[in-house]
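**Q** Pasting a predicted model and its sequence here:
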Amino acid sequence: MDAEQLREYGHRMVDFVADYYKTIEDHPVLSQVEPGYLRKLLPDSAPDKPESFENVLSDVKTKIIPGVTHWQSPNYFAYFPSNSSTAGFLGEMLSACFNIVGFSWITSPAATELEMIVLDWFAKMLKLPDFFLSTGQGGGVIQGTASEAVLVVLLAARDIFLRKLGKGFLEKLVVYASDQTHSALQKACQIAGIHPENVKALKTDSSTNYGLSPDLLSKEICHDIANGLVPFFACASVGTTSSTAIDPILELANVTKSYNIWLHVDSAYAGSACVCPEYRHHIDGVEEVDSFNMNAHKWFLTNFDCSLLWVKDRNALIQSLSTNPEFLKNKASQSKSVLDYKDWQIPLGRRFRSLKLWLVLRLYGVENLQAYIRNHIELAIHFEELVSQDMRFEIVAPRTFALVCFRLLLPCGFEDRTNDVNGDLLQAVNSTGKIFISHTVLSGTYVMRFAVGAPLTEERHIDAAWKLIQDQASSLLEKL
Ligand code: PLP
């Protein structure tokens with residue numbers, strides 16, 4: 001490491017990044033390259049001799065950027081947002097600066113202790129119950145993704161039951177969630193060895209706005225117990241990926257508690273909104289759950305990756321995930337006076353991710369962060385109003401946060417082509433490169449999803465996006 005070279009290149013790289021953000025709207029939001037484009041542009045093997053920084057930066061501009069989909073573009077409305085910010089970016093720089101591998105407290109006490117503190121701060125912002133704080137039996141940890149979060153708590157819950165019943169019961173263990181739950185749960189079940197037939201995706205529909213019915217859960221559990229199965233884990237979602245549906249946590253907890261079923265809440269997207277008092281009620285009942293997760297890297301100005309997980313009983317995680325090889329033994333760990341986050345996650349190594357969240361919280365402050373969320377929700381309401389004013393379109397599911405689910409209606413005689421034409425519309429809109437939106441299917445209906453949440457999005461971007469969608473719809477309707 002040559003510090004002076006780092007200073008020189010680092011300044012130029014920061015200029016490059018700042019220029020990228022300044023001109024981000026010049027790029028097509030959705031990359032328009034064909035599969036395999038890059039192999040044609042880059043050599044077959046690594047260079048034997050060093051190349052110049054200029055050449056590398058020039059290749060980034062001409063060869064890499066065309067293959068980038070610009071998630072930070074103000075015209076990005078697909079999936080859910082993945083926020084970058086000055087504070088988040090600087091935090092990433094600091095993390096790269098120290099480049100520690102903080103698996104145990106001793107490997108960098110500041111990394112473990114800052115993570116505990118920042119997760120406690122965040123728990124207080126969300127008004128989570130005290131048992132999720134590091135001062136109690138539980139605590140918070142930064143995982144890479146919501147998928148890792150649900151996997152580790154599923155393993156913890158599984159092992160509680162298997163320790164009690166014996167390993168032979170694995171094939172009897174049952175998991176419950178709604179059919180709207182993110183596929184991360186299914187993947188976690190696959191990894192945890194849960195029998196595929198015992199992963200119950202309970203049906204939802206528009207009558208409950210795609211929220212999970214506690215009665216249905218209760219009936220299913222009774223039925224499974226009568227058949228000799230062992231219910232052990234349920235996942236409730238607050239803000240599903242398709243339509244931001246909300247499962248009623250408190251009512252679901254009333255069911256799961258009576259069977260000692262571990263209840264996990266996946267609030268990967270909507271958790272950010274719950275730092276605003278007016279949205280906090282969506283996680284009412286969190287006092288009754290075993291674990292809670294939200295992704296600060298989605299909608300909370302914290303660069304990817306930063307998924308926050310709180311557990312009620314940290315020993316459950318540790319019992320499932322800890323190993324203690326000789327080469328990692330140290331006095332601090334053996335004294336049991338410190339946390340070793342290696343025992344709360346799948347990998348051993350871990351980055352100093354709390355830095356970026358700490359910077360975000362300190363450089364913006366809670367009030368500004370709340371205002372940031374509220375602004376996106378206002379913009380989504382504005383988009384929703386625009387859609388509602390055009391009788392050719394309909395809103396398909398209620399908007400709760402900053403996602404609007406809508407579709408184009410077809411004139412009489414063409415209704416059976418509605419799904420296909422909406423797919424064509426999405427394709428037509430995205431292939432302009434001017435905006436990027438994504439889709440889902442709700443009760444067999446193809447739905448376009450417009451998720452507001454990129455940090456640079458302003459009202460003018462929403463207006464332009466809507467005009468583009470309308471124009472593309474008009475030309476498709478003309479061709480019917
Ligand atoms: N849960 C919900 C509700 C999501 O929306 C997503 C992703 O968008 C996930 C889980 C999975 O997120 P991750 O990529 O962090 O695993």
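**A** Noted; the coordinates are in hand.

**Q** Quick check: beta-bridge partners of Phe233?
**A** Phe233 has the following beta-bridge partners by DSSP bridges: Val175, Trp262.

**Q** OK, contacts around it?
**A** Val153, Leu154, Ala157, Arg158, Leu173, Val174, Val175, Tyr176, Ile261, Trp262, His264 (Cβ atoms under 8 Å, 6 or more residues apart in numbering). Using the backbone N, CA and C atoms, a C-beta is placed for each residue, glycine as well.

**Q** and the residues you listed, which are buried?
**A** Neighbour counting by 16 or more other Cβ atoms under 10 Å classes Val153, Leu154, Ala157, Arg158, Leu173, Val174, Val175, Tyr176, Ile261, Trp262, His264 among the contacts of Phe233 as buried.

**Q** what about whichever strand or helix holds the last one and the ligand, any contact?
**A** To tie it back to what came earlier, the one meant is His264. In the assignment (DSSP states H and E), His264 maps to strand 262-266. Yes: on the criterion Cβ under 6 Å from any ligand atom, strand 262-266 is in touch with the ligand at Asp266.

**Q** Surely Glu251 and Asp284 touch.
**A** No: between Glu251 and Asp284 there is no contact under Cβ atoms under 8 Å: 10.3 Å.

**Q** Look at the two and report which has more neighbours.
**A** Glu251 (18 against 14; other Cβ atoms under 10 Å).

**Q** what's the nearest residue to that one if we skip its chain neighbours?
**A** Distances taken as Cβ to Cβ, 6 or more residues apart in numbering place Pro214 nearest to Glu251, at 4.0 Å, with adjacent residues excluded.

**Q** so how far is Glu115 from the one you found?
**A** 34 Å (Cβ to Cβ, to the nearest Å).

**Q** out of these two, which sits in the more crowded spot?
**A** Glu115 (27 against 19).

**Q** Show residues contacting the helix or strand harbouring the more buried one.
**A** Under the criterion of DSSP H and E, Glu115 resides in helix 109-125. Outside helix 109-125, the residues within contact range by Cβ under 8 Å, 6+ apart are 100, 102, 104-105, 132-135, 139-142, 275, 296, 308, 310, 338-341, 350, 352-355, 357-358, 361, 366.

**Q** If you compare the directions of the helix or strand just after the strand holding His264 and strand 262-266, what angle comes out?
**A** Per DSSP H and E, the first helix or strand lying C-terminal to strand 262-266 is strand 291-295. In terms of direction (axes from the mean of the first three to the mean of the last three Cα atoms, to 10 degrees), strand 291-295 departs from strand 262-266 by 10 degrees.

**Q** Check which helices and strands the very next helix or strand once past strand 291-295 sits against.
**A** Next along the chain after strand 291-295, taking DSSP H and E as the criterion, comes helix 296-299. For helix 296-299, the packing partners by 3 or more Cβ pairs under 8 Å, 6 or more residues apart in numbering; DSSP states H and E come out as strand 307-311, helix 354-389.

**Q** And Trp310, what's its pLDDT?
**A** Trp310 is assigned 98 on the pLDDT scale.

**Q** Would you mark the buried spots in stretch 441-458?
**A** Of all the residues in stretch 441-458, those buried under the rule 16+ other Cβ under 10 Å are 442, 445-455, 457.

**Q** and the end-to-end length of it?
**A** End-to-end distance for stretch 441-458, by Cα to Cα, to the nearest Å: 28 Å.

**Q** got the CA positions of the helix or strand harbouring Lys164 in CSV?
**A** For Lys164, the element it lies in under DSSP H and E is helix 146-165. Taking C-alpha atoms only, helix 146-165 is exported to CSV below (Å, rounded to 0.1, in the frame of the first residue of the first chain):
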residue,chain,number,x,y,z
ALA,A,146,-32.6,-10.7,4.5
SER,A,147,-32.0,-14.2,3.0
GLU,A,148,-29.2,-14.8,5.4
ALA,A,149,-31.2,-13.3,8.3
VAL,A,150,-34.1,-15.7,7.7
LEU,A,151,-31.7,-18.6,7.3
VAL,A,152,-29.9,-18.1,10.6
VAL,A,153,-33.1,-17.8,12.6
LEU,A,154,-34.7,-20.8,10.9
LEU,A,155,-31.6,-22.8,11.8
ALA,A,156,-31.8,-21.6,15.4
ALA,A,157,-35.5,-22.5,15.6
ARG,A,158,-35.0,-25.9,14.0
ASP,A,159,-32.2,-26.8,16.4
ILE,A,160,-34.3,-25.8,19.4
PHE,A,161,-36.9,-28.4,18.3
LEU,A,162,-34.4,-31.0,17.3
ARG,A,163,-32.5,-30.8,20.6
LYS,A,164,-35.8,-31.5,22.3
LEU,A,165,-37.2,-34.1,20.0
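
**Q** quick one: contacts of that helix?
**A** By Cβ under 8 Å, 6+ apart, helix 146-165 touches 143, 169-170, 173, 175, 182, 184-185, 187-189, 191-192, 194, 230, 232-233, 235, 262, 264, 266, 268, 290-291, 293, 295, 307, 309, 311, 316-317, 319-321, 344-346.

**Q** what's the answer for stretch 267-282, then?
**A** 80, 125-127, 146, 182, 237-239, 241, 244, 246, 283, 292-296, 298-300, 307-308, 366, 369-370, 373-374, 377, 400-403.

**Q** Spell out which parts of the stretch 201-350 of the chain neighbour the ligand.
**A** Close to the ligand, as judged by Cβ under 6 Å from any ligand atom, the stretch 201-350 of the chain has residues Ser237, Gly239, Thr240, Thr241, Asp266, Ala268, Tyr269, Asn295, Ser307.

**Q** Excluding chain neighbours, give the residue nearest to the third one in space.
**A** Nearest-residue entry for Thr240: Gln180, 4.1 Å, with adjacent residues in sequence omitted and distances by Cβ to Cβ, 6+ apart.

**Q** From the ligand, how far off is that neighbour?
**A** Taking Cβ to the nearest ligand atom, to the nearest Å as the criterion, Gln180 is separated from the ligand by 9 Å.

**Q** Can you report how many residues neighbour the residue lying closest to Leu339 once chain neighbours are set aside?
**A** Nearest non-adjacent residue to Leu339, counting by Cβ to Cβ, 6+ apart: Thr112, 5.7 Å away. Neighbour count for Thr112, taken as other Cβ under 10 Å: 25.

**Q** ok, now Val101?
**A** 15.

**Q** That one - that's part of a strand, no?
**A** No: counting by DSSP: H, G, I helix; E, B strand; the rest coil, Val101 falls outside a strand, being coil.

**Q** now the closest residue to it other than its chain neighbours, what's its secondary structure?
**A** Excluding the flanking residues, the one nearest Val101 by Cβ to Cβ, 6+ apart is Gly349, at 4.5 Å. The assignment at Gly349 comes out as coil when based on three-state DSSP.

**Q** Double-check Gly349 against Asn99; I have them as touching.
**A** No: checked against Cβ under 8 Å, the pair Gly349 and Asn99 is beyond contact range at 10.9 Å.

**Q** which residues does Leu250 contact?
**A** Each residue near Leu250 by Cβ under 8 Å, 6+ apart is listed here: Asp284, Gly285, Glu288.
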